[in-house]
Structure formats: structure tokens, C-alpha cells
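Chemist: kindly return the folded structure for what I paste below:
(2 chains)
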Number of protein chains: 2
Amino acid sequence: MIDQLIKKINETQNPTVVGLDPRLDYIPEYIREKAYDAYGKTLSGAAYAFLLFNKAIIDEIYDIVPAVKPQVAMYEQYGAAGMQAYIDTIAYSKEKGMVVIGDIKRSDIASTAESYSDGHIGRVLVEENQFEVYKEDFITLNPYLGYDSIEPYMSNCEAYDKGLFVLVKTSNPNSGEIQDIMVGSEHLYEYMGGLVSKWGEAYMGQSGYSRIGAVVGATHSKQGQVLRGIMPKTYFLVPGYGAQGATAEDLAGCFNKDGLGAIVNSSRGIIAAYQKPAYKKDFDAKDFAKASRQAALDMKADLNRVL
Amino acid sequence: MIDQLIKKINETQNPTVVGLDPRLDYIPEYIREKAYDAYGKTLSGAAYAFLLFNKAIIDEIYDIVPAVKPQVAMYEQYGAAGMQAYIDTIAYSKEKGMVVIGDIKRSDIASTAESYSDGHIGRVLVEENQFEVYKEDFITLNPYLGYDSIEPYMSNCEAYDKGLFVLVKTSNPNSGEIQDIMVGSEHLYEYMGGLVSKWGEAYMGQSGYSRIGAVVGATHSKQGQVLRGIMPKTYFLVPGYGAQGATAEDLAGCFNKDGLGAIVNSSRGIIAAYQKPAYKKDFDAKDFAKASRQAALDMKADLNRVL
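Modeler: Alright, predicted model coming up:
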């Protein structure tokens, strides 16, 4: 799947991923009303509004953006109905040919990790019946528990051509509190980068990149460069561009010289573009998805400027 | 809620929590058949089997065990139907007066953590309507992202009397790969213990323990003792007893001298007791929940022996 992602990035000439992290206040009133007419102002109504909103955006971006990254928390908070909207969003994205990165950041001991793995990127058995439940192409994982919390995902990665992005250096302001601790002569994020790179060696794609990628926040431009050096064959999922404050220049160091090696996420900046001053004058709420398309094109141009 | 948990532990004289981590192969055939008759051999059928199984066990243990800890992965893997069974299991446990620790081990940046927090321990809004979705009393969290990934849970902890258990030292074999790294003169788990203890100082209960607890694996007996010293006012959630190999002696150091300070989890050893040689001779599959009760009583006696 890492090869498939790179193929899509090359085809679209666009190393970006759109974060499908809906919130009710991003969603135009007419969409919300349609959802509430069907399900009431309930958890199911909110979940349906998310799905309608996502589908409209996917329809406008699938030909210019290689991948989407739904953040499961946005859906999970609405209970079972929310999780179904997460599943339906993934299914629709894949129908449209997009690569799906499930931003789940799960972490658990091996026997539990197997359940997450089977549900998200493998198959679940109910007696003789086999189910493919969530169907993400990639998922994100938190490595604090060590390799036996990551390894249970690898058999499904190989059997079903899936991939992982493991947290190395996150984009949030306090990420340094633990990740920047000095471990001997290096920071913990460097040590973790070395581990993730080593874990990935046994799972290389034909592209020369591993199935095991890394999350490297764009808000730390020097660290991105350092990690690029430590992890030359690891693809980076780079959050933090746009709403979190990182610029194209900040994250240029996350890429290799050939312009590959990283995929940059933007969520609010794309999906709620129609609410931003820059797009408000050209797009009204009815055209929210067209504003998302324009914002995605602008982001592509911005990144390609520095690559 | 930490005070409520301690009250329940004192009432039952039992510092244990039963992990409600069902798997289809733990569930007697007659229960599975009942569920499949209702929903077929589907994700919904599996989810309903989990709920029937859990309810029968809760009915047998609620008067002798203070708390349950459902592991969300077991349910999440079955999709939306699984998540509903997780929610229904929590609701039933609370109806019976048990404290519920949701083992979710989530980790994310602040804006995302708010969504997990609202969904799991707070309230979710759909326009003017407010919903309490998952209703756990405590949840577990992974701290790799630093305090701004934990802090968003605290307003709901205070508003709705909830609590957290933050991973410090986990019970799995590879936990040392990252958690035992030397940070200056101490291990990372000690450093993390110090942080979690400090984070908890602002959220003390009347019992003298903080709303912010820690996960400390029983499989590392010396580390438990060391962390007890570093974190005197932090309640420990202690996994690893039984199926993962830790004995009562191994985890004695996790307790304070007054016999409080820790709650020990057992999952398979209790919920699948009827499949174990020790209980098989006295309990058949029809009596699986009674076997769970006996195993819970045996665990209580075993722990009280060393406290």
C-alpha cells in the first residue's frame, strides 16, 4: 500500500492528504438540516451530517488529492452511529479511488493489538463468516508500549497490503515534554525514529519505502530534517500544516531530494475553507465543497513551490 | 470518582477489577447460538453475544467486585455494533452499581482529545441537545504526546466527577524498549511517573488520592515498588495478574501500607474461568458466570493474603 500511495502522489503530483475531521460547526446549515430531517437532532443525525459533508468534499477532491485521513475521535464521540459514519466515509473514499489513512493512534499489548489490527486492517471472524470491518489502507499507532504493540499489525499489513504510520514526533505544543527528553546524546524522538526505521526494514515496498511509516509533525522544522536523515526509507505523515501554524518552508525538510518521502495533512484548512476569509468572498455555504477543492489546489501549489 | 472507587474497594474489601474483554471463544455455545438466532452470524450477532455474556458475569460479581474494565478493542473490532455492545456493557455495569474503567488508551493533540473527552466522560452536543455517550467513570490514556494531550480531559473530570489512568509502565514483555530507557539517572517510566504525579496534584480527591491515576504493570514487581515511592498519592491500575503471569507477591509493592493505592485487573482468568482446569470440574458451560464468581473470590483471597 505504501507503493500505491506513492503512485497516487506521483499521479496527482500532490503530496497531501485531506484530514476528514468534521465538526458540526464546519457543516453548512442546509446539510445539517437535511440530516436532522432524516434522524432528528440526535447522535445519528450528527453522524449522517458528517457523512453528507464528507461525501460532498470527497466528490470535489478525489481527482486532485491522493489520500484522506479521517480522525476517528470526531466520529467515535457520537457513539455507534458515529463509528458507522467513520466506516461509511472510508468506504466512500475507497470507492472514489482514494487511499485512506485512519488516524486512530491506538496502543495496546499484543493480544489487544491483534483485535485492533483485525478490525481495522484485517478480517474479523464470526464463526465461519469473515468480515472486513473498517477497511483503512493505513492506520496510525502510538509506540509507547514497544515493538510487541506494533508487531501484531504486520501480518495483516502483509496479507492485505496495508501500512502503518507510527508516532515519532507529534505536532502539538507539549510534544517535547516527553519526546524531546535526552536519551544519552540524542532526543527521545530521534531514538524512536531509529527504532521505527529499524522495525520497518523487514517490510520494504518496491518503492524503496517501508510499510511502516512515521508521524512527524510539521511544526518542528529542524526535527523533521533530523528525522529525515535518521529514517531515509520511512515515509512521513506530516500533520501541523495550516491551522496548526506550520508553513510549506517548515516542512520542506521532511521530504527527500526526489520530492518523495512525506505526505502533508491539512484538515480544517481544507474541509472548512469556505468559512475562511480567503475563500468566503468567492464561495458561499452552498459551494463549501468547491471551496475545499480550491483550498486543496492552493495547498498543492504552496507545497510544490518549496519542493 | 476516585473517592467513589475507594469507597467501593473498602465496602467489598476487594482491590480488584474484572476486565470485560470478551472473545467469541470464551463464550459458551448456547449463548452464542442465542445471539446468532437473533442477529445471524454477523457483527451484530457477535456483539450481542458479548453483551449477553457480560451481563451474566456482571450479575454474578457486582456484589463482590468494585469495578469492571471493558477493553474497547474487543468491541471496536466488530464495528458500530461492537461499539454499541461496549456502551450497553457500561450502562449495565453502572446500573448494577459498579465503577467502570474504560480501557481505551487514547492519545491525541488537544483539539482531538477534547472530542474523546466529551464522548467518553463528558457530554456531546447536537445543536441544543446534549448526549452522554459512553459514560465510563474512568478511562485510560497514553501520555506520549505530553500534558496538552491529557489536560483536555480534566474539565470533564471535574464537571462530571470522572477520573483517568495514564500509562506509566505497561505489563507487556517489550514495555522496557521505550519505558526503561535511561533519562539522566532515572528510567523513562520513573520520569513519566513523576510527571503523572505532578499533573495529578491539582486534582486531589478527599481520599488523598488524585483523579489522575497511573497504569503500572504487575509483571514488573520492583518497578511497581519504585513507582509507589515516586507517586504516593496516585492510584495504580495494575494489569498483568493471572494470565499475563504476575502473582499476588509481584504486585504487593504497588499498594500503600494501608492496603489502598492500587486496583488489580484480571480479565481472562475471571471471565473465562470455566474453561480453566481449576474450575472445569466444578462448573460446566451453563454455569460459566458462577465460575467467574468463584474465580473472583479466589483472586480476592489471593490478594488479601499478601496485603
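
Chemist: quick check: phi and psi on residue A:241?
Modeler: phi -70, psi 140 (degrees, to the nearest 10).

Chemist: same question, the one 3 residues further on
Modeler: Main-chain dihedrals, residue A:244, degrees, to the nearest 10: phi -80, psi 0.

Chemist: ok, it to chain B distance?
Modeler: 8 Å (CB to the nearest CB, to the nearest Å). C-betas here are computed from N, CA, C, even on glycine.

Chemist: for residue A:246, what are its contacts?
Modeler: Neighbour list for residue A:246: A:171, A:217, A:218, A:219, A:221, A:240 [criterion: CB atoms under 8 Å, 6 or more residues apart in numbering or on different chains].

Chemist: and it, how far from chain B?
Modeler: Applying CB to the nearest CB, the value for residue A:246 to chain B is 13 Å.

Chemist: skipping its backbone neighbours, what lies nearest that residue in space?
Modeler: residue A:218 (3.6 Å; CB to CB, 6 or more residues apart in numbering or on different chains).

Chemist: ditto for residue A:267
Modeler: Counting by CB to CB, 6+ apart, residue A:19 is the residue found nearest to residue A:267 once chain neighbours are left out, at 2.9 Å.

Chemist: swap in residue A:122?
Modeler: Once flanking residues are discounted, residue A:122 sits nearest to residue A:156: 3.6 Å by CB to CB, 6+ apart.

Chemist: name the element that neighbour belongs to?
Modeler: helix A:154-160 (DSSP states H and E).

Chemist: ditto for residue A:164
Modeler: Taking DSSP H and E as the definition, one finds residue A:164 inside strand A:163-169.

Chemist: mind listing the strands that strand pairs with, and their directions?
Modeler: If you go by DSSP bridges, strand A:163-169 pairs up with strand A:138-141 (parallel), strand A:212-216 (parallel).

Chemist: can you tell me which of the ones you listed is packed in deepest?
Modeler: Across the strands paired with strand A:163-169, averaging neighbours per residue (mean count of other CB atoms under 10 Å in any protein chain shown) puts strand A:212-216 on top, at a mean of 28.

Chemist: ok, residue A:67 - contacts?
Modeler: A:5, A:8, A:16, A:17, A:18, A:98, A:99, A:100, A:101, A:137, A:263.

Chemist: tabulate those residues (JSON lines), appending pLDDT.
Modeler: JSON lines is the format used below for the contacts of residue A:67 (pLDDT from 0 to 100):
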{"residue": "A:5", "pLDDT": "97"}
{"residue": "A:8", "pLDDT": "98"}
{"residue": "A:16", "pLDDT": "98"}
{"residue": "A:17", "pLDDT": "98"}
{"residue": "A:18", "pLDDT": "98"}
{"residue": "A:98", "pLDDT": "98"}
{"residue": "A:99", "pLDDT": "98"}
{"residue": "A:100", "pLDDT": "98"}
{"residue": "A:101", "pLDDT": "98"}
{"residue": "A:137", "pLDDT": "98"}
{"residue": "A:263", "pLDDT": "98"}
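
Chemist: what does the stretch 151-300 of chain A have sitting close to chain B?
Modeler: By the rule CB under 8 Å from any CB of the partner chain, the part of the stretch 151-300 of chain A lying against chain B is A:167, A:170-179, A:181-184, A:188, A:191-192, A:195, A:239.

Chemist: just these: which are in helices?
Modeler: Filtering those for membership in helices, criterion DSSP state H, returns A:176, A:177, A:178, A:179, A:188, A:191, A:192, A:195.

Chemist: for residue A:147, which residues are in contact?
Modeler: Listed by CB under 8 Å, 6+ apart, the contact partners of residue A:147 are A:195, A:199, B:174, B:177.

Chemist: apart from its neighbours in sequence, what residue is nearest the last one?
Modeler: The reference is to residue B:177. residue A:146 (3.6 Å).

Chemist: count the neighbours of the one you found for me.
Modeler: As a burial measure, residue A:146 scores 22 neighbours (other CB atoms under 10 Å in any protein chain shown).

Chemist: what ranges do the strands span in the stretch 101-250 of chain A?
Modeler: A:124-126, A:129-131, A:138-141, A:163-169, A:182-183, A:186-187, A:212-216, A:236-238 (DSSP state E, counting those that start in this stretch).

Chemist: before we move on, the earlier item: now tabulate the contacts of residue A:246 in TSV and tack on neighbour count and pLDDT.
Modeler: Output for the contacts of residue A:246, formatted as TSV (neighbours: other CB atoms under 10 Å in any protein chain shown; pLDDT from 0 to 100):
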residue	neighbour count	pLDDT
A:171	21	89
A:217	30	92
A:218	29	84
A:219	22	83
A:221	18	84
A:240	26	89
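
Chemist: want to throw the residues you listed into JSON lines with distance to residue B:55?
Modeler: Formatted as JSON lines, those follow (distance: CB to CB, whole Å):
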{"residue": "A:171", "distance to residue B:55": "42"}
{"residue": "A:217", "distance to residue B:55": "44"}
{"residue": "A:218", "distance to residue B:55": "47"}
{"residue": "A:219", "distance to residue B:55": "47"}
{"residue": "A:221", "distance to residue B:55": "53"}
{"residue": "A:240", "distance to residue B:55": "45"}
